[in-house]
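Asks: Quick one, what's the 3D model for this:
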Amino acid sequence: MDAFLADAAAAWLAELKPTLERYLIFTVAIWLALWVVLRPLLAARKIRDATPPARQLVTEALFSLRTMVIFATAGVVTWYMHRAGLYPLTPLATSWGAPWLAVSIVVGVVALDAWFYWTHRLMHDPRLFRRFHRRHHRSNNPSPFTAYSFDIGEALVLFGYVVVLPAVFPMHRDAMQWVMLYQIVTNTLLHSGYELMPARRDGRPMLDFIVTTTHHDLHHAQAGWNYAAWFTWWDRVCGTEHPEYLARYAEKAWRPFGKPALQAAE
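Replies: Residues are numbered from 1 along each chain as shown. Below is the predicted model:
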């Protein structure tokens, strides 16, 4: 029993350490860069006039820490599942080398976007919202520290993706860590409060298939819209993109090619 507990503790710390490091590095870096160092230069890119109080940021950081503890604990379970041979596709995928690592990362990001959109919509069902998703929406005006400020149920639902995908898709063993790195960097930017995506000449986002900070900020302001977190296509196909999104985006976006000839909402 002692050996098992020591083994589990080592696995838990191994799961917690990279998750905690990624969160601290990128949330603090983005907060420091946008909210402190570059704040005077980015005033025109700030989406809302009000700035969240320091108490909100501390609360979000504490709830985010709880989420990371949940992630690490659930990660130990999947670690033992791998050791028990319950993920036979992973060794096969890893044997295919670096090209399949790249494929696994791309598939992982796209699949994560789909998982998030549909579970996110489900958590907005009134019967589930208070239990699964209310904590995150207490941050009506989000900050970089909102990224992992979740209820326990939401944290488990999101971690479910890490459990399910390698069981149904041949995922290279090193791919998930890169998917999670992409997730935390973009997730933090989506809650940063500043619109950094440059606009095209017609006023639409330069990469219009990518969710912008304005897109996600609208979800926090008006929760019945904009459920996606990484790509806009699910919201557009399903009719859940906010009707004023492009106009709101155009108000704050940097236009490197000058004033658009057409209205952004056209």
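
Asks: most centrally placed residue in the chain?
Replies: Geometric centre of the chain, nearest residue: Asn187, 3.3 Å, by C-alpha atoms, centre = their mean.

Asks: is it true that it lies in a helix?
Replies: Yes. Counting by DSSP: H, G, I helix; E, B strand; the rest coil, Asn187 is found in a helix.

Asks: State the phi and psi torsions of the residue lying closest to it once chain neighbours are set aside.
Replies: Using C-beta to C-beta, 6 or more residues apart in numbering and skipping the chain neighbours, the partner closest in space to Asn187 is Ala147 (4.4 Å). C-beta coordinates here come from the backbone N, C-alpha and C atoms, glycine included. Dihedral pair for Ala147: phi -50, psi -40, per degrees, to the nearest 10.

Asks: what's the neighbour count on Ala147?
Replies: Neighbour count of Ala147, defined by other C-beta atoms under 10 Å: 27.

Asks: That one contacts Val185, doesn't it?
Replies: No. In this structure, Ala147 is not within contact of Val185 by C-beta atoms under 8 Å, at 9.6 Å.

Asks: on that earlier part again, was I right about the residue nearest to the centre of the chain contacting Thr213?
Replies: No. Asn187 is beyond contact range of Thr213, at 11.0 Å (criterion: C-beta under 8 Å).

Asks: quick one: contacts of stretch 85-103?
Replies: Residues outside stretch 85-103 that contact it (C-beta atoms under 8 Å, 6 or more residues apart in numbering): 81-82, 104, 166-167, 169-175.

Asks: For the stretch 151-266 of the chain, which segments count as helices?
Replies: 152-168, 175-190, 213-221, 233-238, 245-252 (DSSP state H, counting those that start in this stretch).

Asks: OK, contacts around Tyr161?
Replies: Contacts of Tyr161 (C-beta under 8 Å, 6+ apart): 111-112, 115-116.

Asks: and the two most separated of these?
Replies: Ala111 and Phe116 (9.6 Å; C-beta to C-beta).

Asks: So the two - more neighbours on which side?
Replies: Phe116 (21 against 17).

Asks: and the gap between the more buried one and Ile30?
Replies: 20 Å (C-beta to C-beta, to the nearest Å).

Asks: tell me which helix or strand of the chain sits lowest on mean pLDDT?
Replies: helix 2-30 (a mean of 85; mean pLDDT, DSSP states H and E).

Asks: who does the following helix or strand past that one touch, helix- and strand-wise?
Replies: Per DSSP states H and E, helix 2-30 leads on to helix 54-83 as the next helix or strand towards the C-terminus. Contacts defined by 3 or more C-beta pairs under 8 Å, 6 or more residues apart in numbering; DSSP states H and E place helix 54-83 against helix 2-30, helix 152-168.

Asks: Quick check: the gap between Ile184 and Gly193.
Replies: 17 Å.

Asks: and those two? which has more neighbours close in?
Replies: Using other C-beta under 10 Å, the more surrounded residue of Ile184 and Gly193 is Gly193, with 26 against 18.

Asks: for the closest residue to that one other than its chain neighbours, what are its contacts?
Replies: In this structure, Gly193 finds its nearest non-sequential neighbour in Ile47, 5.6 Å apart by C-beta to C-beta, 6+ apart. By C-beta under 8 Å, 6+ apart, Ile47 lies in contact with 193-195, 213-214, 217, 252.

Asks: And the pLDDT at Ile47?
Replies: Predicted confidence (pLDDT) for Ile47: 97.

Asks: dump the residue contacts of Trp234.
Replies: For Trp234, the contact set (C-beta under 8 Å, 6+ apart) comprises 113-114, 117-118, 227-228, 240.
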